[in-house]
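Visitor: From the sequence below, what's the structure:
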Amino acid sequence: MSNTTYIGKPTSRVDGPAKVTGAAKYSAEFNVPNMAYGWVVSSPIAKGTITKIYADEVLALPGVVQVFSHENVPSLAWFDRNYKDDVAPGGSPFRPLHDNKVKFSQQPVALVIAETLELARYASSVLRIEYEEEKHETSIEDKRDDGFEPGRGKTGWMPPPPPRGNPDKAWENATHRVEAEYVHGAQHHNPMEMFGTTVEWRGEGKITAYDKTQGVVNVQQYLTKIFGLSKDDARVVNLFMGGGFGSGLRPQYQVFLATLAALELKRSVRVTLTRQQMFSFGHRPHTLQYLKLGTNPDGTLAALQHHALHETSQFEDYTENVVNWSGMLYQCENVKLGYQLAKLDVFTPLDMRAPGAATGSFALEVAMDEMAYAAGLDPLDFRIRNYAEKDQNMDKPFSSKKLRDCYHQGAAKFGWDQRNHEPRSMQDENGMLVGWGMAGGVWDASMQKAAAKATLTADGKLLVTSAAGENGTGTYTIMTQIAAQTLGLPIEAVTFKLGDTDFPEAPVQGGSWTAASVGTAVKNVCEAVGEKLLKFAKKMDGSPLDGASMDEVEFVNGQIRLRKDPNQAVVIRDVLQASGESKIETDSSAMPNYLKQMPYSMHSHNAVFAEVKVDPDLGTVHVTRVVNAVAAGRILNTKTARSQVLGSVVWGISMAMMEETVMDHKFGRYMNHNYAEYHVPVNADIHDIDVIFVEEEDDIVNPLGVKGIGEVGLLGVAAAITNAVYHATGKRVRELPLYLDKLL
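Guide: Residues are numbered from 1 along each chain as shown. From the prediction side, this is the model:
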């Protein structure tokens, strides 16, 4: 029996005590010597030219060190490519303080450095800057006819596949048809921790940047290219992150500004953004979607057409996979998908949890509900009737797909068979209208190249390191579990460290690929340690493992033992002591097996069932129950995985009912840039949530068989709620958020 089997167990967070006791340090909490404080000055206009900066007035204030602007920024890297990061889309990246042009509202136009934070804030408030304003465009509604098909996009973006079949003719001849537009407004990430960077000046042109980021390696490469530093000169650290949701995938402008100031002043500098300034970069793009669905007499899909138009900035072409899912999730021989961008005077949008899929699946899944009613079918039966056994976009089988099991298990848990099909037909004992809705989702199961280092010391303690990120999803914990189980050590004897460019390279934490990528690297490096251990063990006097190969032994309960005879074993702690070595140290990496993966389409899936109760007089909506059934391969930690899906459901409720960034087009500015007016759920908004993990084995996606769950859990939630509202009220809403005025 093994006491060191941790994978799949509900293990508590190993970083939990540090977080709840305050021992965890975030990027703006590192105290370094001789630190100055920076405050960003934001543009009040959306487009125009800076004509005059009265910096001398502010520099006259005692304690103000410097005012950085386009007027005095030193000569930096010239080419666009030097400002591109690993997650950058096509186009020209934003260069802070590069020239006197204003490209978007709240653009950073100056940085005030002072001896205290309070003085820097005050000085920034009295800094006079004059502008020549130009006409701006911030409404995607005005750009409906100006969309263009993007060229080369960011990593992971796939242009829609060419049409298949004859979708126009098939739709015209369909027995039942649905045609509608679906609107998804802009959303901002709004993590609890604001973006901040503490740059420690180490002397001789060397710095350590404690930065809020989901990818320390990405930020390091960004800084070295711009400022002409070597990797040894620019160390980047992020040990804990107070939420990211994608907002930390790209280096944000405060790390550029803090680094610039530290290098110029030759002292440590901290720059932290305000909550309002958090709305000055990156957001889920405002998107308009148009769908046409048609069915055959038997209720199978005859035609599917899905077109999306979403915003991007004037300087970059931000792309998402919005419509591709519609050609993959359901069986249909006649499909046409279209995707366009519209340039606006806003900052470039940015990946937000399940980018593209959260947007596209909302429209598709509401349209599928409409189509089911038009065809006279139960929404669940309609989806099962159109179940796709292969990915028609790529003409490939799935490496694994348990969506049908998600449907059945989720429906059974929810009690879907008790549903009355007719809208407005169900009420509770208090006269509230009751609605039941469902939807599904699909997300990529991908893996990136990653590396790790492991050190086993003679006292039996294991240290594993990787430059991976941790934005609260449980990376510290699952990597510790993988390492402990691979070498058969007590979990208390294992320490995993991350978030430091001094550690082996790892990709940005996004795309739900961290567990697969870094986890496989951790497994590989621990197996490499195990091979060295076995060599030493076989040389021990009277070793019961003499002549044994790695295939013939197992690492369990702090021992190396023969599989066929577990009584023949040596204690791991004794092996190094007997060898005379103080430690075993090794590096290893992992990358996808493209040859094995190439014939397959690899995805995770889910099915969501939601119950709402609607006041028939006031139109107020309460989401009272949600069941989310997820098939995402091997679940490494059922406790942290469940927490991720719970968070996804909460976000889905927020997406459906509350979240909206409101643009005042007169000023070209987001107006509700605070927690008071950008609404997110509180405890009273959240009721019963059930999470089901459907068993799924997949040895094609990666050696661990994991698919990632950070994003798939969000999919389908907003659509299921919207569909439930229709079932409760008979009113079809196609624009989020679902405010009560749309039901009155």
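Visitor: any idea how far the lengthiest helix in the chain is from the chain center?
Guide: Of all the segments of type helix in the chain, defined by DSSP state H, the longest one is helix 514-538. On the basis of CA atoms, centre = their mean, to the nearest Å, helix 514-538 is displaced by 28 Å from the centre of the chain it belongs to.
Visitor: by contact count, what packs against that helix?
Guide: Using 3 or more CB pairs under 8 Å, 6 or more residues apart in numbering; DSSP states H and E, the elements in contact with helix 514-538 are strand 450-457, strand 462-465, helix 475-487, strand 553-556, strand 559-562, helix 572-579, strand 583-590. No exception for glycine: its C-beta is placed from N, CA and C like everyone else's.
Visitor: One more pass at 6 Å, please.
Guide: strand 450-457, helix 475-487, helix 572-579, strand 583-590 (3 or more CB pairs under 6 Å, 6 or more residues apart in numbering; DSSP states H and E).
Visitor: quick one, phi/psi of the residue nearest to W436 when sequence neighbours are not counted?
Guide: Using CB to CB, 6 or more residues apart in numbering and skipping the chain neighbours, the partner closest in space to W436 is R419 (4.8 Å). When read as degrees, to the nearest 10, the backbone of R419 gives phi -80, psi 130.
Visitor: Near R419, how many other residues are there?
Guide: When neighbours are defined as other CB atoms under 10 Å, R419 has 22 of them.
Visitor: Distance-wise, check it relative to V434.
Guide: 10 Å (CB to CB, to the nearest Å).
Visitor: now do D298
Guide: Between D298 and V434 the distance is 31 Å, computed by CB to CB.
Visitor: Tell me which of those two has more neighbours.
Guide: Just comparing D298 and V434: by other CB under 10 Å the higher neighbour count belongs to V434, 19 against 10.
Visitor: per-residue pLDDT, that one?
Guide: With respect to pLDDT, V434 scores 98.
Visitor: Confirm it sits in a strand?
Guide: Yes - looking at V434 with DSSP: H, G, I helix; E, B strand; the rest coil, it is inside a strand.
Visitor: can you pull up the bridge partners for it?
Guide: V434 forms beta bridges with K613, as assigned by DSSP bridges.
Visitor: same question, the one 5 residues further on
Guide: According to DSSP bridges, the residues that bridge with A439 are V608.
Visitor: Now do the contacts for it.
Guide: Contacts for A439 (CB atoms under 6 Å, 6 or more residues apart in numbering) come out as E365, V608, G716, A719, A720.
Visitor: And for G38?
Guide: Counting by CB under 6 Å, 6+ apart, G38 makes contact with L111, I113, A261, V269, V271.
Visitor: One more pass at 10 Å, please.
Guide: Counting by CB atoms under 10 Å, 6 or more residues apart in numbering, G38 touches 65-66, 68, 111-114, 117, 120, 124, 197, 199, 254, 257-258, 260-262, 265, 269-272.
Visitor: Show me those that map onto strands.
Guide: 65-66, 68, 111-114, 197, 199, 269-272 (DSSP state E).
Visitor: residue boundaries of the helices in the stretch 301-450 of the chain?
Guide: Ranges of helices within the stretch 301-450 of the chain are 357-374, 379-385, 403-414, based on DSSP state H, counting those that start in this stretch.
Visitor: Any chance of a markdown table for the ones you listed, columns distance to I53?
Guide: Below are those laid out as a markdown table (distance: least, CB to CB, whole Å):
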| stretch | distance to I53 |
| --- | --- |
| helix 357-374 | 39 |
| helix 379-385 | 59 |
| helix 403-414 | 57 |
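Visitor: Most tightly packed of those?
Guide: Per residue and on average, the most neighbours among these fall to helix 357-374, with a mean of 26 (mean count of other CB atoms under 10 Å).
Visitor: For that one, name the packing helices and strands.
Guide: strand 176-184, strand 287-295, strand 301-312, helix 379-385, strand 433-444, helix 638-657, helix 717-729, strand 735-736 (3 or more CB pairs under 10 Å, 6 or more residues apart in numbering; DSSP states H and E).
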